[in-house]
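1. missing the sequence, but the structure's below:
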């Protein structure tokens, strides 16, 4: 039975080698003059797979039964995985003016990678422990989804600030051109696998579609896909409170006609391999396990298509309240569309010290994982330079077998 999932489950891990739920600096950097920044962030999280398992699998080390069981005990009917890796440069210019109404503009260039998955507990246990445990039962592998997306982004936009003294309102919008690098979509809509109690046969009822972008061109300027995205921002600041709303990466990528779709919808019975000569099994075994013949036997059809992929757009609503001098409470909600994501809710604090050193904390629930603990540090060096760094998954650095998420971010900003 492991054969039936060997082409599915590795994608869930090998692509995971996120994004910190923060507002984009191109909208929140409001210091008059020009600012040039560089940013890097990554995160991997899951509702059931712990970080120790991730690390062991990624390194190719032996996964013992105890480590497997630590994940088996947490898997449910539906489980989530998510990964993000982003890095790039941005530039913002805010007019140095005493006017109550000003217009700023910005540019950014980024490389983005994203992967997400929704899979059943039966799929995970079948891949890592085989199908013997399901003797006389039907393993439910269906409703499994996996998405991987890699693209480059060139963004330009503007923001408008209205300053009425007791309140400030900032509205911004950005438009991006996207160059698609790689895409893989997998949807196992049906995957019922029955194992005979005596192990004589396996019945498979499967409906699977895999879409992937053109992988023949490897050069930097080859255009495998192109698209566009829209970002919107609204911030309202009063004396003791700030409300922010952001819609980011709302868009799509079209992949060219060399993209492929491999799909099937079939029911079959597997009764083992037929070997004509026990003392000369080389050719017969190789022929039986030939990849093309397996695809044919399982009813797979491969064809060229052109298709579109929606981006994992994020909606983020945040509220900041100043309780006393230099101490703030933050709370918010985030959700990603078309990304197998659950609602993400957080609450935290920020303390601003006189030495222009800030520390913030966060406790969150949801997203691709369960609980998340965040810690961030920020330091302003005079008037010319600022550093922000931290993690939204501190638990993944400390308790790898109990935690399901790990990540980090760093932002460097120069003013001139």
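-> That came through, no problem. Keep in mind that this is a model prediction, so the values were computed, not measured. Numbers count the residues shown, from 1 in each chain.
2. what about the strands in the stretch 51-200 of the chain?
-> For the stretch 51-200 of the chain, the strands defined by DSSP state E, counting those that start in this stretch occupy 79-94, 101-119, 138-140, 144-163, 168-195.
3. In JSON lines, list these along with mean pLDDT.
-> Converted to JSON lines, the strands of the stretch 51-200 of the chain look like this (pLDDT from 0 to 100):
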{"stretch": "strand 79-94", "mean pLDDT": "97"}
{"stretch": "strand 101-119", "mean pLDDT": "96"}
{"stretch": "strand 138-140", "mean pLDDT": "96"}
{"stretch": "strand 144-163", "mean pLDDT": "96"}
{"stretch": "strand 168-195", "mean pLDDT": "96"}
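4. Quick one, which of those strands gets closest to residue 357.
-> strand 79-94 (22.8 Å; Cβ to Cβ). Just so you know, the C-beta spots here come from the backbone N, C-alpha and C atoms, and that holds for glycine as well.
5. Give the buried residues for that closest one.
-> 79-86, 88, 90, 92-94 (16 or more other Cβ atoms under 10 Å).
6. likewise stretch 225-239?
-> 225, 227, 229-235, 237.
7. repeat for stretch 252-265
-> 252-253, 255-256, 259-260, 262, 264.
8. Report the lowest-confidence entry in these.
-> Across the buried residues of stretch 252-265, the bottom pLDDT score, 89, is held by residue 256.
9. Do I have it right that that one meets residue 224?
-> Yes. If you go by Cβ atoms under 8 Å, residue 256 and residue 224 touch, sitting 6.0 Å apart.
10. Which residues are in contact with each of those two?
-> By Cβ atoms under 8 Å, 6 or more residues apart in numbering, residue 256 and residue 224 have these common neighbours: 213-214.
11. So which other helices or strands are in contact with whichever strand or helix holds residue 35?
-> Using DSSP states H and E, residue 35 sits within strand 33-46. Packing partners of strand 33-46 (3 or more Cβ pairs under 8 Å, 6 or more residues apart in numbering; DSSP states H and E): helix 25-28, strand 79-94, strand 405-415.
12. who does the last one pair up with?
-> Right, the one you point to is strand 405-415. Paired strands of strand 405-415, with direction, are strand 33-46 (antiparallel), strand 385-391 (antiparallel) (DSSP bridges).
13. ok, residues contacting that strand?
-> For strand 405-415, the external contacting residues (Cβ under 8 Å, 6+ apart) are 18, 20, 22, 25, 29, 31, 33-46, 51, 54, 368-369, 372, 383-393, 395-397, 400.
14. List buried residues within those residues.
-> Buried members of the contacts of strand 405-415, counted by 16+ other Cβ under 10 Å: 18, 20, 22, 25, 29, 35, 37, 39, 41-46, 51, 54, 368-369, 372, 386, 388-393, 395-396, 400.
15. With respect to residue 189, which of the helices and strands packed on strand 33-46 lies nearest?
-> If you check each of the helices and strands packed on strand 33-46 against residue 189 by Cβ to Cβ, strand 79-94 wins as the nearest, at 17.0 Å.
16. wait, which of the buried residues of strand 79-94 is closest to residue 177?
-> residue 88 (13.8 Å).
17. Next up, the contacts around the closest one.
-> Contact analysis of residue 88 by Cβ under 8 Å, 6+ apart lists 38-39, 108-111, 153.
18. Beta-bridge partners for it, please?
-> Note on residue 88: beta-bridge partners by DSSP bridges are residue 39, residue 110.
19. Any idea what the residue nearest the centre of the chain is bridged to?
-> Taking Cα atoms, centre = their mean as the criterion, residue 83 is the residue nearest the geometric centre of the chain, at 3.5 Å. According to DSSP bridges, the partner residues bridging residue 83 are residue 44, residue 115.
20. For residue 156, give me its contacts.
-> Contacts of residue 156 (Cβ under 8 Å, 6+ apart): 105-107, 174-176.
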